[in-house]
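> What follows is a predicted protein model with its sequence.
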Amino acid sequence: MKRRVNRSERIADAIQQSLADSLLRRMSDNRFQRVTITGVTMSKDLSYAKVFVSILADDDDIKPIVLALNNAAKLLRHYVAQDVILRITPELKFAYDESVARGSRISSLINTALAQHDSSDD
């Protein structure tokens, strides 16, 4: 039996796709080219969307890019309204998703530990 995806998940997916396209093609800020939308969560009344992003940048550059995204939220909301037909287009709030960076750090630590273990066996 197929699992039914609820309306808020479908809307979140559509918003994620619209934002990813807008950041890549419609925005003039080159920093947005390094942004990946990792997820969108919707409020119960669908009037707010929290957008989680991963950024390919140094740790010092992440905060300014998230701030720039939040400053561009109204324009991005306008693009979402053009792409996704909704009665009310949700307000957007961008937040940095640390899970990708944390996973990369853990993977790096594991690889280092394995390399040390292999070199000690020789």
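Perfect, thanks for sending it. Numbering: from 1, shown residues only.
> And the helix or strand of the chain with the lowest mean pLDDT, what's buried?
In the chain, the helix or strand scored least confidently by mean pLDDT, DSSP states H and E is helix 99-121, which has a mean of 77. For helix 99-121, burial by neighbour count (16 or more other Cβ atoms under 10 Å) applies to Val100. Glycine gets a C-beta too; all of them are placed from N, C-alpha and C.
> Quick check: which helices or strands does it pack against?
strand 35-42, strand 48-55 (3 or more Cβ pairs under 8 Å, 6 or more residues apart in numbering; DSSP states H and E).
> out of the ones you listed, deepest packed?
Of all those, strand 48-55 has the most neighbours on average by mean count of other Cβ atoms under 10 Å, namely a mean of 20.
> can you give me the angle the least confident helix or strand of the chain makes with strand 35-42?
Relative orientation of helix 99-121 and strand 35-42, computed by axes from the mean of the first three to the mean of the last three Cα atoms, to 10 degrees: 120 degrees.
> ok, and what's touching helix 99-121?
With contact meaning Cβ atoms under 8 Å, 6 or more residues apart in numbering, helix 99-121 is reached by 36, 38, 54.
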